[in-house]
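Trainee: show me the folded form of this:
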Amino acid sequence: MSVKAKIYRPAKTAMQSGKRKTKYWVFEYMPVVKNTPEPLMGWNSGGTLQQVRLEFNTANEAIAYANKKGIPYEVLEPHSRVVHPKSYTNNFAYNRRTAF
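Mentor: Sure thing, here's the model as predicted:
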């Protein structure tokens, strides 16, 4: 079993308007085996590496950590947010055809 990691910047949560948890980069291990319930207790077991989540200030720090430990990784680039400029006067524009 080869362990692989992903490095990404988390997206803004849909439940809040703030961007607090989007400032850092996250290093997570990808699942190696499928979660299966244990026959005795019925709990899901899939390995302890899935519980490891490291946070770094930059993507380069996370990449350096993966290289130092010899872990293959995949960097997922964040999507840029598109902000459409709006004005209050657009609500009353004569040629308005779509809802903002």
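
Trainee: give me the contacts around the helix or strand of the chain with the lowest mean pLDDT.
Mentor: When the helices and strands of the chain are scored by mean pLDDT, DSSP states H and E, strand 44-45 comes last with a mean of 74. With contact meaning Cβ atoms under 8 Å, 6 or more residues apart in numbering, strand 44-45 is reached by 35-38. (Each C-beta comes from the backbone N, C-alpha and C, glycine too.)

Trainee: of the residues you listed, just say which sits nearest to Thr48.
Mentor: Nearest to Thr48, judged by Cβ to Cβ, of those is Asn35 at 12.4 Å.

Trainee: picking that back up, restricted to strands, list the contacts of strand 44-45.
Mentor: Among these, the members falling in strands (DSSP state E) are 36-37.

Trainee: all helices of the protein, in order?
Mentor: Using DSSP state H, the helices of the chain run over 59-69.

Trainee: where are the low-confidence patches of it?
Mentor: Applying pLDDT under 70 to the chain flags the ranges 1, 46, 98-100.

Trainee: run the last query once more with 50
Mentor: Along the chain, the model assigns pLDDT under 50 to no residue.

Trainee: all strands for it, in order.
Mentor: 5-8, 25-29, 36-37, 44-45, 53-56, 73-76.

Trainee: now do the longest one against helix 59-69, angle only.
Mentor: Between the direction of strand 25-29 and that of helix 59-69, the angle (axes from the mean of the first three to the mean of the last three Cα atoms, to 10 degrees) works out to 30 degrees.

Trainee: what about Ala62, how many residues nearby?
Mentor: 24 (other Cβ atoms under 10 Å).

Trainee: is it in contact with Tyr8, as I believe?
Mentor: No: counting by Cβ atoms under 8 Å, Ala62 does not reach Tyr8; the two are 9.2 Å apart.
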